[in-house]
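Novice: The following block contains a protein sequence and its predicted model.
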Amino acid sequence: MASQWHCEKRAFSKIESFARDNVTETGCLSIIVLGASGDLAKKKTFPALFNLYQQGFLQLNDVHIFGYSRTQLCDDELRERIKGYLPVENKVSSNVFNFLQLIKYVSGAYDSPEGFQELDKAISEHETSKKSHEGSSRRLFYLALPPSVYPQVCKMIKIFCTNKSGLSGWTRVVFEKPFGKDLASAEELSAQIGELFDEPQIYRIDHYLGKELVQNLLVLRFANRFFLPLWNRDNISNVQIVFREDFGTEGRGGYFDQYGIIRDIIQNHLLQIFCLVAMEKPVSTKPEHIRDEKVKVLQSVNPIRDEDVVLGQYRGYKDDPTVPDDSVTPTFATVVLHIHNERWEGVPFILKAGKALNSRKAEIRVQFKDVPGDIFKSSKQGRNEFVIRLQPSEAMYMKLTVKQPGLEMTAAQSELDLSYRQRYQEVVIPEAYERLILDTIKGDQQHFVRRDELKAAWEIFTPLLHRIDEGDLQPQGYEPGSRGPAEADELLEKAGYVQTHGYIWIPPTL
Ligand SMILES: NC(=O)C1=CN([C@@H]2O[C@H](COP(=O)(O)OP(=O)(O)OC[C@H]3O[C@@H](n4cnc5c(N)ncnc54)[C@H](OP(=O)(O)O)[C@@H]3O)[C@@H](O)[C@H]2O)C=CC1
Ligand SMILES: O=C1O[C@H](COP(=O)(O)O)[C@@H](O)[C@H](O)[C@H]1O
């Protein structure tokens, strides 16, 4: 029966923010990928643009894509680099060819006018060829670059490459993470960029905000009567937000060692999820209303205490020649956050991230308190849990106690399961980058990090990060392929998490 249920057959109501998607802007669109020779550009940015092109969001007659970086390449050499990364299942050869023909390459430095003047010339020629009216052109700059060059690149864009008139076109700039290394450096970067561009032109991307089940969080919380009365300290014992990877830093050791797992994953990806799980209901689905609530909950987080942190580093991490032999950079961290507000006082939010662990997954696990006056001894079966599996295999399931089917009157733990692959068989879930780039073209900042939000996020983690940088907190060693340091499980237990023994959720197969 389930296999007959298709998304198309169901009555999905359009939510207010989706309605905003229908705002169409005309005029020539130029997408400029700076750092086009790099890893992110070839693996994520260009493939996302290709997917948008395939779905008709980028039209041949008004879009052009430019790659810019220092490496000397001709157009075809860049196209050849990109080609192998375009999603295989969608590779209709004529589409691939037509998409690649949209891409032009300009080589130049990040801090000198010549390259940017040449880039502007190339964009302008394209705009003229598309008969774009003066000022109606749209220019989207995607900075797939190390953050160290953001200020100089922004200056060059501002002076040489912005849309020439304020009539009806725009210039927007997308920034990759990491946005700063701590509060002071992030604020300095924000100030430098803020002098050149207004906040509505600035898109700080956090690709976790483009994941399907992260985007679902607000709908789930605020459009369901089930959750409204339960989502608070009276009912919830603890919340875990977990990121695990079953591989190490693999060729990115040099970058990673300067940042560590807290800056790479927790301060941004997991904290963004934390906001959506913990924030109050926004006044509406308007981006500013949502971001206002995110800032408020971040500002309600108590300072992190040393006893709420466990750090780890997997054995073999320092074998990477780009990692110093004496590195104490954590590749694993569990950090327990406490929120000082009416809804969440006393409920630990456990943020856990690690590389080279025993599995690859990202999930949110909301564990409820024991049933009061429990006549079925259901706490023996395990507590109620609501789990949102972000990846792999998107799913939501509720662990609950039921009567064991059969003659005996015994209680057992089971689940209500919404597994996306089974339930939405004909729906292709978009890649996070694809969705977020489309938002930048539409001018929807809901899923991007606002300046004050970023500041509040750094305020939470900066004291801890400085203590780690100064060597006051040391990582525990752990075996690659393990669960991480044993101390992390002890901290979890101390925070109130009760593990269910003997129950494993098995994702349904078709
Ligand atoms: N790769 C990934 O999976 C992810 C990356 N990011 C972020 O995206 C951005 C780009 O990442 P990624 O593509 O991996 O980075 P790369 O190291 O591949 O750098 C991208 C390009 O920038 C130029 N570049 C590299 N180092 C410098 C430097 N020191 N000074 C000036 N230019 C330099 C190079 O181009 P050229 O020499 O030709 O000018 C390079 O091809 C970073 O901010 C990163 O943190 C975020 C999430 C995931
Ligand atoms: O931002 C980053 O994310 C990736 C994990 O992204 P995912 O979408 O594959 O879960 C991580 O590997 C990388 O270290 C980090 O910089």
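Specialist: That came through, no problem. Ligands and ions are numbered 1, 2, ... in the order given.
Novice: Need the residue closest to the centroid of this structure.
Specialist: Taking C-alpha atoms, centre = their mean, the centroid of the chain lies closest to Y208, which sits 1.5 Å from it.
Novice: wait, what's in contact with that one?
Specialist: By C-beta atoms under 8 Å, 6 or more residues apart in numbering, Y208 lies in contact with V214, N268, H269, L270, Q272, I273, A362, L390, A432. Every residue, glycine included, has its C-beta placed from N, CA and C.
Novice: and if you look at F368?
Specialist: Going by C-beta under 8 Å, 6+ apart, F368 touches L230, N235, I236, S237, R383, N384, E385, F386.
Novice: same deal with A48?
Specialist: So A48 contacts E431, Y433, E434, I437 (C-beta under 8 Å, 6+ apart).
Novice: one step back: just the ones in strands from the contacts of Y208, please.
Specialist: A362, L390 (DSSP state E).
Novice: Considering only the contacts of Y208, which also neighbour ligand 2?
Specialist: A362 (C-beta under 6 Å from any ligand atom).
Novice: Put the buried members of the contacts of Y208 into a PyMOL selection.
Specialist: Here is the PyMOL command that selects the buried residues among these (16 or more other C-beta atoms under 10 Å):
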select buried, resi 214+268+269+270+272+273+362+390+432
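Novice: hang on, the earlier thing: go through the contacts of A48 and name the one nearest ligand 1.
Specialist: Distances from ligand 1 to the contacts of A48, taken as C-beta to the nearest ligand atom, are shortest for Y433 (9.5 Å).
Novice: That closest one is in contact with A41, isn't it?
Specialist: No. Applying C-beta atoms under 8 Å as the test, Y433 and A41 come out as separate, 10.8 Å apart.
Novice: Quick check: Y68 vs ligand 2, distance?
Specialist: To ligand 2, Y68 is 22 Å away according to C-beta to the nearest ligand atom, to the nearest Å.
Novice: ditto for G443
Specialist: 24 Å.
Novice: ok, that residue - how many residues close by?
Specialist: For G443, the count of nearby residues is 16 (other C-beta atoms under 10 Å).
Novice: try L52
Specialist: 22.
Novice: per-residue confidence at it?
Specialist: pLDDT recorded at L52 is 95.
Novice: please begin residue numbering at 2 from this point
Specialist: Sounds good: first residue 2 from here, last item L53.
Novice: show me what contacts it?
Specialist: By C-beta under 8 Å, 6+ apart, the contact set of L53 is L59, E435, I438, L439.
Novice: Now pLDDT and distance to L50 too, for the contacts of Y209, in JSON lines please.
Specialist: Compiled in JSON lines, the contacts of Y209 are given as follows (pLDDT from 0 to 100; distance: C-beta to C-beta, whole Å):
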{"residue": "V215", "pLDDT": "98", "distance to L50": "21"}
{"residue": "N269", "pLDDT": "98", "distance to L50": "23"}
{"residue": "H270", "pLDDT": "98", "distance to L50": "22"}
{"residue": "L271", "pLDDT": "98", "distance to L50": "27"}
{"residue": "Q273", "pLDDT": "98", "distance to L50": "23"}
{"residue": "I274", "pLDDT": "98", "distance to L50": "26"}
{"residue": "A363", "pLDDT": "98", "distance to L50": "25"}
{"residue": "L391", "pLDDT": "98", "distance to L50": "24"}
{"residue": "A433", "pLDDT": "97", "distance to L50": "14"}
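Novice: close enough to count as contact, N99 and L59?
Specialist: No. Using C-beta under 8 Å, N99 makes no contact with L59, being 10.7 Å away.
Novice: what about these two, which has more around it?
Specialist: A count of neighbours by other C-beta under 10 Å puts L59 above the other of N99 and L59, at 22 against 13.
Novice: Show me which residues of the chain sit near ligand 1.
Specialist: Neighbours of ligand 1 within the chain, by C-beta under 6 Å from any ligand atom: 36, 38-42, 70-72, 111, 145-150, 177-179.
Novice: try 8 Å
Specialist: Within the chain, the positions adjacent to ligand 1 are 35-45, 70-72, 108, 111, 144-150, 177-179, 208, 253, 256 by C-beta under 8 Å from any ligand atom.
Novice: what's the closest non-adjacent residue to the residue in the stretch 402-511 of the chain that ligand 2 sits nearest to?
Specialist: Residue of the stretch 402-511 of the chain nearest ligand 2, by C-beta to the nearest ligand atom: A433 (6.5 Å). Residue nearest to A433 in three dimensions, not counting chain neighbours: G211, with 3.1 Å by C-beta to C-beta, 6 or more residues apart in numbering.
Novice: show me what contacts the one you found?
Specialist: Counted by C-beta under 8 Å, 6+ apart, G211 has contacts P431, E432, A433, Y434, E435, R436, L437, H448.
Novice: give me every residue that touches T129.
Specialist: Counting by C-beta under 8 Å, 6+ apart, T129 makes contact with nothing.
Novice: And it, which helix or strand is it part of?
Specialist: Using DSSP states H and E, the element containing T129 is helix 114-130.
Novice: Any buried residues in that helix, and which?
Specialist: Residues G116, F117, L120, D121, A123, I124, H127, E128 are the ones in helix 114-130 that count as buried (16+ other C-beta under 10 Å).
Novice: cool, and stretch 282-301?
Specialist: 283, 286, 288, 291-301.
Novice: distance between that stretch and the chain's centre?
Specialist: Relative to its chain's centre, stretch 282-301 lies at 17 Å (C-alpha atoms, centre = their mean, to the nearest Å).
Novice: same question for that stretch, mean pLDDT?
Specialist: Stretch 282-301 comes out with an average pLDDT of 97.
Novice: which other residues reach it?
Specialist: Residues from elsewhere that reach stretch 282-301, judged by C-beta under 8 Å, 6+ apart: 16-18, 219, 222-223, 272-273, 275-277, 279-281, 340-342, 345, 445-447, 451, 453-454, 457-458, 460-461.
Novice: try 7 Å this time
Specialist: Defining contact as C-beta atoms under 7 Å, 6 or more residues apart in numbering, one finds that stretch 282-301 is touched by 16-18, 223, 276, 279-281, 340-342, 445-447, 451, 453-454, 457-458, 461.
Novice: With stretch 402-421 instead?
Specialist: Contacts for stretch 402-421 (C-beta under 7 Å, 6+ apart): 377, 379, 382-383, 394-401, 430, 501, 504, 506, 508-509.
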